[in-house]
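Asker: dropping the sequence and predicted coords here.
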Amino acid sequence: MKHSLYNLIYSDNDIIVVDKASGVLTIPDRFDKSLPNLRSLLEQRFGRIYVVHRLDKETSGIVVFARNPETH
């Protein structure tokens, strides 16, 4: 699924893999929680997810999220 802020590459019961656009936060900003970020966007679609790693806001690339505590 193509989204303006990310492209969903793969998803199964354990992981979600996306290609993050530059300029997008991986996790919520600590000062302004209203800024768009991948974790919040993906949680709207998939429910609770866990951050495996992050990329800087200005960096584009592949980001992996776990879908359950065991995978995380």
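Answerer: Sure, I can see it.
Asker: quick one: the helices in this structure, in order.
Answerer: Along the chain, counting by DSSP state H, helices occupy 38-46.
Asker: center of the protein - which residue?
Answerer: Residue closest to the average C-alpha location in the chain (Cα atoms, centre = their mean): Leu38, at 3.5 Å.
Asker: now do the contacts for it.
Answerer: Residues near Leu38 by Cβ atoms under 8 Å, 6 or more residues apart in numbering: Leu5, Tyr6, Val18, Lys20, Val24, Leu25, Thr26, Ile27, Val63, Phe65. Every residue, glycine included, has its C-beta placed from N, CA and C.
Asker: I'd say Asn7 and Ile16 touch.
Answerer: No - shown here, Asn7 and Ile16 do not form a contact pair, counting by Cβ atoms under 8 Å, at 11.8 Å.
Asker: ok, the most far-flung residue of the chain relative to its centre to Leu25 distance?
Answerer: No residue in the chain sits farther from the centre than Phe31, which is 18.6 Å out by Cα atoms, centre = their mean. Remark: distance between Phe31 and Leu25 (Cβ to Cβ, to the nearest Å) = 11 Å.
Asker: then Asp12?
Answerer: Distance from Asp12 to Leu25, counting by Cβ to Cβ: 25 Å.
Asker: those two: which has the busier surroundings?
Answerer: More crowded of Asp12 and Leu25, by other Cβ atoms under 10 Å: Leu25, with 20 against 9.
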